[in-house]
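Student: Okay, predicted coordinates and the sequence, questions at the end:
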Amino acid sequence: NEPDVTDDSEDPTPGDPADVDPNCPDCTVVLLEQTPALELLKDGAYVDTNGDGITNVGDEVVYTFTVTNTGNVTITNITIDDPLVAVVGGPIDLAPGASDSTTFTATYAITQADIDAGGVYNLATATGQDPDGDDVSDESEDPTPVDPADVDPNCPECTVVILEQTPSLELLKDGFYEDANADGITNVGDVINYAFRVTNTGNVTITNITINDPLV
């Protein structure tokens with residue numbers, strides 16, 4: 001019998017030396033394009049914490065985050081950073097096409113400035129690592145966009161939670177008779193002193209308040 005004649009293959013079209021496996025320098029290499037990508041959706045819902053039917057300080061916005069791996073490689077150690085709130089949950093790993101809408105949550109306490117502005121506007125960022133250890137990130141979008149009139153032109157992708165504004169004032173006017181000449185008789189020249197009490201009974205700041213009285 002004739003002895004076998006063998007030869008290990010070599011790649012006739014070698015590529016970048018950086019792509020060569022040092023454990024198999026003669027291996028045929030077919031590079032596969034990696035397109036790591038994430039999508040982050042941030043949604044917010046107003047909660048009337050004290051159940052009084054009025055939007056006021058101390059009510060809350062509850063945020064939910066949906067992260068989707070829109071690329072073709074696994075993304076690991078995914079976390080969410082939000083400058084407005086502390087996000088609870090994670091880190092997580094997502095295979096291509098996988099989505100997660102339950103891990104990450106956050107709660108925000110509404111301020112007077114938010115009510116005066118008519119809403120809460122904010123962005124969050126999801127960040128993870130691709131198989132090479134490089135960061136992959138995405139700024140959030142609002143899955144339930146509001147009326148275009150309510151969109152902040154400086155932050156068109158911001159998650160917007162509209163807060164109902166109920167401006168109102170209450171004016172109490174009290175009068176006190178004064179016997180100006182102290183004669184014990186009500187007569188011409190005596191006076192009435194009026195006192196006015198103005199109360200903001202709404203939920204937004206009222207500015208430039210004046211009082212008009214046709215008598216005085």
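Tutor: Arrived safely.
Student: Geometrically speaking, which residue is the centre of the chain?
Tutor: Central residue of the chain (Cα atoms, centre = their mean): N122, 3.3 Å from the mean position.
Student: can you pull the contacts of that one?
Tutor: With contact taken as Cβ atoms under 8 Å, 6 or more residues apart in numbering, N122 is in contact with K42, G44, D82, P83, L84, V85, C158, T159. C-betas here are computed from N, CA, C, even on glycine.
Student: List just the nearest of those residues to I54.
Tutor: Taking Cβ to Cβ as the measure, I54 lies nearest G44 of the contacts of N122, at 18.8 Å.
Student: Read off the pLDDT value for that closest one.
Tutor: If you check G44, the pLDDT there is 95.
Student: any idea how far F104 is from it?
Tutor: Distance, G44 to F104, using Cβ to Cβ, to the nearest Å: 13 Å.
Student: Show me the shaky parts of this protein.
Tutor: Residues of the chain that meet the criterion pLDDT under 70 lie in 14.
Student: show me where it has helices.
Tutor: With helices called from DSSP state H, the chain shows them at 112-117.
Student: which residue packs closest to N200, ignoring adjacent ones?
Tutor: Residue nearest to N200 in three dimensions, not counting chain neighbours: I206, with 5.3 Å by Cβ to Cβ, 6 or more residues apart in numbering.
Student: how many neighbours does the one you found have?
Tutor: Using other Cβ atoms under 10 Å, I206 is surrounded by 13 other residues.
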